[in-house]
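Undergrad: please find the sequence and the predicted model below.
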Amino acid sequence: MLVLGLHDGPPTPFTVTNSTMSSSTHVIAWVRQAKTADAISAVHFLYGVRTGTPATMSIGIETVNASGNPSGTDAGGGSPTLTTFTPPASTAWNSLIQTITLTNSWTPTAGQLFAIVIRYSSGTINGSNSSSFAVTSSGHDPSTRGFPYYATSTDGSTYTKAGAGLIAWTAGGTVVGHVMQSIYSTATANTNGHRSAGYFTLPASIGDTYDLCGVDIAGKVAAAGATCTLKLWDTSWNVLASISLDGDTAAQPGTYYSARQLFFDSPYTASFGTKYYIGFECDGSATVGVTGITCATAGQVAAYPNGENMGIVTWNGSTTTESNLTLPCINLLIDNITGGSGSVAYQPVRRFM
């Protein structure tokens with residue numbers, strides 16, 4: 001059985017770890033590898049909080065030295081990527097993704113290591129005038145292993161490394177990497193028939209049909225003593241597959257974030273290139289919901305596997321609402337692919353650690 005298309009999501013509430021830059025020698029860097037030779041023109045980071053009047057900071061792309069740390073040398077050479085930015089002396093940037101366009105784009109070779117680096121540039125910087133930046137998060141980062149990683153330094157020369165990290169960049173007009181703003185966890189009303197789901201399309205280039213057996217899904221099923229239903233719908237909300245769920249069979253009934261592997265009572269033969277809805281329906285005895293990863297733009301969601309072809313969808317009894325700013329935390333469990341010769345990015349269950 002193949003696990004394909006989406007994410008099973010954060011097993012715990014999203015908690016950011018910020019690094020506060022309160023001295024002129026503090027450095028934050030994210031070491032990554034270029035997927036392609038497309039020019040990198042902008043970077044995307046999650047700003048933490050500001051204190052007082054923040055100093056002007058610089059951000060750019062640097063080469064990586066033999067120790068795996070930023071070298072201090074701009075990768076752009078005579079066409080430097082380095083640019084400066086000044087966070088506002090207000091809460092306007094707090095906990096929001098910021099996109100900074102580089103002074104000059106930089107074209108790597110495919111597979112090349114590089115570091116996205118934030119350094120102090122000018123102005124007063126101290127404990128009373130500082131900025132913090134999200135370097136990683138619990139429940140979201142796609143890896144807590146050795147690479148990719150972020151590194152911080154308080155003296156500008158000695159670095160401490162840690163796995164993963166929240167950072168993204170624009171390469172060839174497409175956002176690459178992982179960045180997020182918040183967790184989506186909006187439950188339905190406790191009203192019979194209300195729905196919280198994700199929409200998805202698997203690219204037509206992969207094949208003709210596939211059997212959708214079930215999902216690994218992070219969300220909220222019915223509370224203890226209550227029931228709900230996992231359903232697959234077409235975009236007119238016609239039911240294609242379903243399974244009734246008893247909250248008492250869940251380890252954490254009525255709570256968010258818990259990932260659950262669930263199978264329909266019968267697989268549904270779906271078509272590549274066709275859009276579907278999948279998620280929970282309330283039976284009027286307890287609220288339900290699907291968890292998602294919310295970004296600032298649809299392009300940032302598209303940085304995730306198949307992210308350009310999915311989003312959150314809800315139905316309140318009369319109105320269908322879709323959002324492409326949230327990646328639903330769902331993995332599809334599929335069998336029996338027929339036809340086709342294309343490919344799509346996919347990942348194993350428990351991508352989030």
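TA: The structure has been received and is ready for your questions. Residues are numbered from 1 along each chain as shown.

Undergrad: which parts of the chain are helices?
TA: 298-301 (DSSP state H).

Undergrad: go ahead and confirm residue 282 touches residue 192.
TA: Yes: using C-beta atoms under 8 Å, residue 282 is in contact with residue 192, at 6.4 Å. C-beta: built from backbone N, CA, C; applies to glycine.

Undergrad: neighbour count: the two, which is higher?
TA: residue 282 (24 against 11; other C-beta atoms under 10 Å).

Undergrad: quick one: contacts for that one?
TA: Taking C-beta atoms under 8 Å, 6 or more residues apart in numbering, we find residue 282 in contact with 188-195, 222, 228, 288.

Undergrad: that one and residue 149, how far apart?
TA: 42 Å (C-beta to C-beta, to the nearest Å).

Undergrad: if we can go back for a sec, from the contacts of residue 282, which would you call buried?
TA: Neighbour-count burial within these applies to 188, 194-195, 222, 228, 288; the criterion is 16 or more other C-beta atoms under 10 Å.

Undergrad: in stretch 43-58, what's buried?
TA: So stretch 43-58, judged by 16+ other C-beta under 10 Å, has buried residues 43-51, 53-55, 57-58.

Undergrad: okay, now the domains of the protein?
TA: 15-179, 184-338 (automatic domain parsing).

Undergrad: what's the first-to-last distance across the first one?
TA: Which is domain 15-179. One end of domain 15-179 to the other measures 13 Å (C-alpha to C-alpha, to the nearest Å).

Undergrad: residue 264 contacts residue 239, correct?
TA: No: using C-beta under 8 Å, residue 264 is not in contact with residue 239, being 10.5 Å away.

Undergrad: the more surrounded of these two?
TA: Neighbour count, other C-beta under 10 Å: between residue 264 and residue 239, residue 264 has more, with 20 against 12.

Undergrad: now the more buried one. Nearest residue, chain neighbours left out?
TA: Excluding the flanking residues, the one nearest residue 264 by C-beta to C-beta, 6 or more residues apart in numbering is residue 241, at 4.1 Å.

Undergrad: measure that neighbour to residue 297 for me?
TA: To residue 297, residue 241 is 32 Å away according to C-beta to C-beta.

Undergrad: of those two, who's got more company?
TA: Neighbours were counted for residue 241 and for residue 297 using other C-beta under 10 Å; residue 241 has more, 21 against 15.

Undergrad: circling back: now the buried residues of stretch 43-58 as JSON lines including distance to residue 87?
TA: What follows is the buried residues of stretch 43-58, written out as JSON lines (distance: C-beta to C-beta, whole Å):
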{"residue": "43", "distance to residue 87": "15"}
{"residue": "44", "distance to residue 87": "15"}
{"residue": "45", "distance to residue 87": "11"}
{"residue": "46", "distance to residue 87": "13"}
{"residue": "47", "distance to residue 87": "7"}
{"residue": "48", "distance to residue 87": "10"}
{"residue": "49", "distance to residue 87": "10"}
{"residue": "50", "distance to residue 87": "5"}
{"residue": "51", "distance to residue 87": "10"}
{"residue": "53", "distance to residue 87": "9"}
{"residue": "54", "distance to residue 87": "4"}
{"residue": "55", "distance to residue 87": "9"}
{"residue": "57", "distance to residue 87": "7"}
{"residue": "58", "distance to residue 87": "12"}
